[in-house]
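S.K.: what's the 3D shape of this:
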Amino acid sequence: MSVLKDQLARTDVLNRLRRAEGQLRGIQRMVEEGENCLKIGQQFSAVRKALDSTYLRMTVCFLEQELNTRIQPDAAQKTDLDLMLKDMETLLARIG
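M.R.: Next comes the predicted model:
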């Protein structure tokens, strides 16, 4: 079973999800109060971006966890792996 084991990574993902949840509640309020559709649309876009970013972060954390478990890199390789994963996360964030 694939589980995100790193507590810091889990906390980061959960905090991001809580922020997105707050944004969604804000959108609900905007709809209830009859806010302008363009403003609501901007908020939808922000929530989608937040969720996409959270998904990417979770995926990279999981990938790092699994690579470290399977290849058990030494300190130099671990540094290289961390840099590569950070670069990959930056590149993938630009896709959306």
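S.K.: in what helix or strand does Lys86 lie?
M.R.: Assigning secondary structure by DSSP states H and E places Lys86 in helix 75-93.
S.K.: Other residues contacting that helix?
M.R.: Ser53, Leu56, Arg57, Val60, Leu63, Glu64, Leu67, Asn68, Ile71, Pro73 (CB atoms under 8 Å, 6 or more residues apart in numbering). All C-beta spots, glycine's among them, are computed from the backbone N, C-alpha and C.
S.K.: Next, the most centrally placed residue in the chain: secondary structure please.
M.R.: Centroid-nearest residue in the chain: Thr54, 1.6 Å away (criterion: CA atoms, centre = their mean). Recorded secondary structure, Thr54: helix (DSSP: H, G, I helix; E, B strand; the rest coil).
S.K.: Take the contacts of helix 75-93 and, keeping just the buried ones, write it as a ChimeraX select command.
M.R.: Buried members of the contacts of helix 75-93, identified by 16 or more other CB atoms under 10 Å, are gathered into one ChimeraX selection as follows:
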select :56,57,60,64,67
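S.K.: In strands, which of the contacts of helix 75-93 fall?
M.R.: Among these, no member falls in strands (DSSP state E).
S.K.: Dump the contacts of helix 75-93 to CSV, plus distance to Leu14 and pLDDT.
M.R.: Below are the contacts of helix 75-93 laid out as CSV (distance: CB to CB, whole Å; pLDDT from 0 to 100):
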residue, distance to Leu14, pLDDT
Ser53, 14, 93
Leu56, 15, 93
Arg57, 11, 92
Val60, 16, 92
Leu63, 19, 91
Glu64, 18, 90
Leu67, 23, 90
Asn68, 21, 87
Ile71, 28, 90
Pro73, 27, 87
